[in-house]
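Asks: sequence and predicted structure, then a few things I'm wondering about:
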Amino acid sequence: MQTLTQAQYDAFWRDGVITLPDAVTPAQLAALRAEFAGWVEGSRAHTKPYGQMLDGRARFDIEPKSHSATTPALRRVSAPTEISSVYLDVMRNSRMTDMVADLIGPNVKHHHNKINSKQPGSATEVKWHQDFPFTPHSNTDIVTALLMVDEVTDDNGPLEVALGSHKGELHSLWHDGVFTGAVDPKIEADYKRNAAVSKGPAGSVCLMHTCLAHGSVPNNSQKPRTLFIAVYSAADAAPCSPNPVPNAHEGMIVRGTDPRRIRAVPYSVAIPEYPKSASFFGQQAAPGKAAAE
């Protein structure tokens, strides 16, 4: 049964992005919000990234400029599906998953998942980039699903996108021999001039093509902006570099079956630098330094 209309399907492949409401049930949304609120509360006791992922890096990443016990600024939880049955359920069993299958299915597998959050007044921003150069695969049938755990408005650091950029050039994230995790500033300026904003009520999802250029500014409001981000690929897309967010559910078939085939398309992209800090925020904030830590 199709979840998306033909018009919605066509809009995604034309623009590289579509935002839709009611991607999870009210019960799922309430559970996601309660789980994350507990993690924010727990972050008050920490002054640096903490917890542990499969590769030994910290699971919980805090904003170094603004986090404190009184104003917690938890900005990333890596692979929450490993520590939360609620997030695992939504990743593999929600309308969000059905929507993704309509776009790149019928056979779909999970690659990685994370939470990106901008707490009120936090300094967290995302410099412009495309996801594919971070996670190249044998083909580009990859969708990043950004589920809005909080309402996303014009003021709390919404995702900004360059419509149609998924059909254009794959931009390098390397500059002068350093992996910056961002496109060249001149390219970013061009994208910003005509950027579209993805916003909506809690429970909405922004479905974004892996090659779409995007970024976001800090949250200057008193309302949090939290996204549960799950990345899915067609089941015949094979990863070409190590997963930057390694997780126990990588490769899980969430819709259809495993075709046991690899489909390849021609492209060229530089090998990404594997993050050494808790998240790619470290790579964007201090290019080259985070990789050496």
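Replies: Looks like it arrived, so ask away.
Asks: confidence score at the nearest residue to Glu63 once chain neighbours are set aside?
Replies: Once flanking residues are discounted, Glu63 sits nearest to Ala73: 3.7 Å by Cβ to Cβ, 6 or more residues apart in numbering. C-beta: built from backbone N, CA, C; applies to glycine. The predicted local distance difference test score for Ala73 is 92.
Asks: report how many residues lie close to Ala31.
Replies: The number of residues packed near Ala31 is 18, by other Cβ atoms under 10 Å.
Asks: and Ala34, by the same measure?
Replies: For Ala34, the count of nearby residues is 10 (other Cβ under 10 Å).
Asks: tell me the buried residues in the host helix or strand of it?
Replies: Under the criterion of DSSP states H and E, Ala34 resides in helix 26-43. Buried residues in helix 26-43, counting neighbours by 16 or more other Cβ atoms under 10 Å, are found at 28-29, 31-33, 35-36, 39-40, 43.
Asks: after it, next one along is what?
Replies: strand 60-62.
Asks: what sits up against that next one?
Replies: Strand 60-62 is contacted from outside by 39, 43, 46-51, 72-78, 277-279, 281-282, using Cβ atoms under 8 Å, 6 or more residues apart in numbering.
Asks: let's see that with 6 Å instead.
Replies: Outside of strand 60-62, the residues within contact range by Cβ atoms under 6 Å, 6 or more residues apart in numbering are 43, 49-51, 73-77, 278-279.
Asks: ChimeraX command to pick out the buried ones of the residues you listed?
Replies: In ChimeraX syntax, the buried subset of the contacts of strand 60-62 is picked out as below (16+ other Cβ under 10 Å):
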select :43,49,51,73,74,75,76,77,278,279
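Asks: for the contacts of strand 60-62, work out which two are farthest apart.
Replies: Taking Cβ to Cβ as the measure, these span a maximum distance of 15.8 Å, between Gly51 and Ala73.
Asks: redo the buried residues of helix 26-43 as CSV? Include pLDDT.
Replies: Shown next, in CSV, are these (pLDDT from 0 to 100):
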residue, pLDDT
Gln28, 98
Leu29, 98
Ala31, 98
Leu32, 98
Arg33, 98
Glu35, 98
Phe36, 98
Trp39, 98
Val40, 97
Ser43, 97
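Asks: could you dump these to JSON lines with distance to Gly56?
Replies: JSON lines is the format used below for the buried residues of helix 26-43 (distance: Cβ to Cβ, whole Å):
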{"residue": "Gln28", "distance to Gly56": "31"}
{"residue": "Leu29", "distance to Gly56": "32"}
{"residue": "Ala31", "distance to Gly56": "29"}
{"residue": "Leu32", "distance to Gly56": "27"}
{"residue": "Arg33", "distance to Gly56": "29"}
{"residue": "Glu35", "distance to Gly56": "24"}
{"residue": "Phe36", "distance to Gly56": "24"}
{"residue": "Trp39", "distance to Gly56": "20"}
{"residue": "Val40", "distance to Gly56": "24"}
{"residue": "Ser43", "distance to Gly56": "20"}
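Asks: just those residues now: which is nearest Pro120?
Replies: Once Cβ to Cβ is applied, the member of the buried residues of helix 26-43 that ends up nearest Pro120 is Val40, at 11.1 Å.
Asks: now do that closest one against Pro224, distance only.
Replies: Going from Val40 to Pro224 by Cβ to Cβ, to the nearest Å gives 8 Å.
Asks: related to what we said a few turns ago, quick one: the residue nearest to Glu63 from Ser117, how far?
Replies: 8 Å.
Asks: how about Val143?
Replies: Separation of Val143 from Ser117 (Cβ to Cβ): 21 Å.
Asks: these two: which is more packed in?
Replies: Taking neighbours as other Cβ under 10 Å, Val143 and Ser117 compare with Ser117 leading, 26 against 23.
Asks: beyond the helix or strand harbouring Leu207, next helix or strand please.
Replies: Using DSSP H and E, Leu207 sits in strand 205-209. Moving toward the C-terminus from strand 205-209, the next helix or strand (DSSP H and E) is strand 214-216.
Asks: mind listing what Gln130 touches?
Replies: So Gln130 contacts 211, 213 (Cβ under 6 Å, 6+ apart).
Asks: rerun at 7 Å
Replies: When contacts are counted by Cβ atoms under 7 Å, 6 or more residues apart in numbering, Gln130 is found next to 170-171, 211-213.
Asks: before we move on, what SS does the residue nearest in space to the middle of the chain have?
Replies: For the chain, the residue nearest the mean C-alpha position is Ile229 (4.3 Å; Cα atoms, centre = their mean). Assigned by DSSP: H, G, I helix; E, B strand; the rest coil, the conformation of Ile229 is strand.
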